[in-house]
Every structure is written in C-alpha cells, then in structure tokens.
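Engineer: Okay, here's the prediction I keep looking at, along with the sequence it came from:
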Amino acid sequence: MAASSKTSAPATLFPPDQAPDRVDGRPGPDPLMRRLTKFADNYLGMLSMARMANRPLRPREPGGPAVPHWRTMVVTERNSESDEVISLRLASPGGGPLRRWYPGAHLQLELPSGTIRHYSLNGDPADRGTYRIAVRRIENGGGGSKEIHDALTPGMEIRVAGPVNAFPFAAEPTVLLVAGGIGITPILPMARKAAALGLDWKLIYTGRGRATMPFLDEVSALGSRAVILADDETGRPDPAALIAGAPAHAVAYVCGPPPLLAGVRPAVNDAITAGSLRGLHFERFTAPPVEDGHPFEVELKRSGTVLRVPADRSVLDVLRARNPATPYSCQQGFCGTCKQRVLGGTVDHRDQRLTSNDQEAGDMLVCVSRAPEGERLVLDL
C-alpha cells in the first residue's frame, strides 16, 4: 500500500483515527475514551499555543513535507513470505514499547537513499515490541521495493514515522474482507480483529498462485471463514460471484491491485444499491486513475521549461518522466511527499492533506491536484 504522513499537530491522548475499542468488547470506539480524548486534545492544544507564544518561530523548510514523529528503528528480523514478498520486523533500538496501532494502519519508511514509502502494518497489534511490514518486489516500479529487498537486513537502522491509519476498520457487525496479493497486508489484521470480536465476517484472498501469495499459513489458520482463491487453480474469480457469498448486509473492505479494485468496486456498488451490502471501504497501492482530467501545462520557473500534462496523467507523472528522482510516495494525495510550491496559475486541489492556509500559501500535491483545462501552472522548480 496501501498504503500517509500528517501535518504537525498538538499531542493527543489517542489518535482520532485509532481510537481504543470499547472495554465491553462491543464493536466501535469506547465513548468514554472518546470524550476524554476530546477534552485532552482541547487542553493540550491551548497549552501548545501558550508555549508557542513564548518561543521563536523556526523557519519553514522549503519544498519538503511536514512529517511528524520521525524516529530511528532497527530491523530485527527478515523473512521470505512468498516468491516476491519479504516481511520485516522493526523495533526500537532500546527495546522499549512502541506506539499502539489498529488494523488498517501503516508506517512511513525513509530508505537509505532518502526515498519515502508507505507500508501497511500486518502483525499483531497486541505486540508492543515490534512492528511487522511486508514488501513485494516490483522490478519496474519506483525503486523503493527493490531497495528494501536488496539493502535492508537485520541490524540495520531506518527512519520511521507513524503508525497512521488511512484505512481504519470500524468493526461493523457483518463484514466482507477482500484481498488481492500484497493487499492481504492491511486486511489480515482486520480478519483477526473480526474473529476476536465474534463478528459475522468472511475473508476472500485472491492471487495469481499460491507461490506468490504471502501469509497463506496465517490466513488458513483463521478457519473456514477465510477462502483462498489462486488463479492457477480456480481461474480468475468473477467479482460478482465473490460479492454474492458475503454475509447479509455486510460492509466490504477491499485492498489489492487495480484489476481487482476495478472489478470488485462496481459489483459492491450494485450490491449496495440492491440492499445486500451496506458500504465499501477500499485501499489501493498504486496511483488512482485520473478522473475528470483536462490537459494543461506546467512551467518550471528556474529553467523556463514548459511541460504538457495530458488529461489522463498527473503532474507527478510528467515531472518524473523528466526527472526520475522527483520525490513521491503515496500517489493518492495524503502523505505530502510530492508537495511543490506554485508561483502562478490556478490549482484544482484534489488532495486530502493540505489545509486552506497551505493552499493559500501556494502549496500543491502534484500526485493528484491539477489545473483547469488550458491553464498553465508555474512551479518553483
């Protein structure tokens, strides 16, 4: 993934996207802790403002995303999970307890090259000593997965931010979990949580073949509610047939490659319209297709170069075609790694991160945001 970095904020008792479960075991966040968190957030926010009033402002670093809570961790374990996938366990160098996380959460990793990538947590949330992530090697990707496979070994230190949850599991009474290939990474903890809470749930795990599907043993251990479908055994599954076997009135959680999402999303939407499903949450590991796109231009101010952005490509695509070292990570508008400063032109902001103040200051996330048809954006590049 699937999988964000957030702008700096005052300290919080519990992250709002990772609220603690009810103490009585029922699905959903605990109402008392939510009220306590709200009070603590307000108090800490006022305290932070008071402190800031008495300290000099630090200059903002140009061009880079504001990523909170970066810290050093150490790789303690590396395992092969399938033909193309390895898992890594990360721990604090001092062995102390790690921040709690909940199903759907992910980490940001800053690789030795400086590349930033996001990886879903797929271990046991009760394990406060280590985080586990899994990485599929992609030969023709952006290079991050190859660097991890080739360079990260036990004993190495790496900078990490998070956990952050952009794909939270709400633990509805009935759920359908659908994973394709490496998309099992955020879905597996959700399945474990659903089983622990006694929900009415079903997991469908698809892949090209068992040799390429990580964590098969862990999925099988979940019992008969987990169904494994390998294309080389049963053929490519029909999306409508997958949805047809869902528990009645379930909410669907889907994660996987673009072909899986392209097939499953319409089938789920049809089921929601028919009343057999109640909702859909999904996460993708690649850039979403451009919707309602129009051609426009970007000018690189420092060189005067003008680049054409086609209707079906992003500004990031065009910048990377010219300079493959252009920084990026999530490609979905929530991490901030690709942020650039706009010196002129009108921006059609389509991200999930920038505040109105950021936008007014001229910031733009070039992985998703665009310009109106025929316009030209001038970037500080």
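Structural biologist: Perfect, thanks for sending it.
Engineer: What segments of the stretch 1-150 of the chain are helices?
Structural biologist: 31-53, 144-151 (DSSP state H, counting those that start in this stretch).
Engineer: any idea which of those scores lowest on pLDDT?
Structural biologist: If those are sorted by mean pLDDT, helix 31-53 sits at the bottom with a mean of 47.
Engineer: what about Cys330, which SS state?
Structural biologist: Three-state assignment for Cys330 (DSSP: H, G, I helix; E, B strand; the rest coil): coil.
Engineer: Can you verify my assumption that it contacts Arg353?
Structural biologist: No: Cys330 is beyond contact range of Arg353, at 9.4 Å (criterion: Cβ atoms under 8 Å). In this view, the C-beta of every residue, glycine as well, is placed from N, C-alpha and C.
Engineer: Among those two, which residue is more densely surrounded?
Structural biologist: Cys330 (30 against 22; other Cβ atoms under 10 Å).
Engineer: Spatially, and excluding backbone neighbours, which residue is closest to that one.
Structural biologist: Spatial nearest neighbour of Cys330, excluding adjacent residues (Cβ to Cβ, 6 or more residues apart in numbering): His118 at 5.6 Å.
Engineer: Kindly report the same for Pro186.
Structural biologist: Per Cβ to Cβ, 6+ apart, closest to Pro186 is Ser120, 4.1 Å.
Engineer: So what's the residue count around the one you found?
Structural biologist: For Ser120, using other Cβ under 10 Å, the count is 30.
Engineer: and the gap between it and Cys255?
Structural biologist: 8 Å (Cβ to Cβ, to the nearest Å).
Engineer: Moving along the chain from the helix or strand hosting Val342, name the first helix or strand you hit.
Structural biologist: Val342 is part of strand 339-344, with elements assigned from DSSP states H and E. Later in the chain than strand 339-344, the nearest helix or strand by DSSP H and E is helix 356-360.
Engineer: Show me what the helix or strand following that following helix is packed up against.
Structural biologist: Under the assignment DSSP H and E, the closest C-terminal helix or strand after helix 356-360 is strand 363-365. In terms of contacts (3 or more Cβ pairs under 8 Å, 6 or more residues apart in numbering; DSSP states H and E), strand 363-365 is packed against strand 339-344.
Engineer: picking that back up, from the chain's centre, how far out does the strand holding Val342 sit?
Structural biologist: 24 Å (Cα atoms, centre = their mean, to the nearest Å).
Engineer: tell me which residues in it are buried?
Structural biologist: Burial within strand 339-344, assessed by neighbour count using 16 or more other Cβ atoms under 10 Å, is assigned to 339-340, 342.
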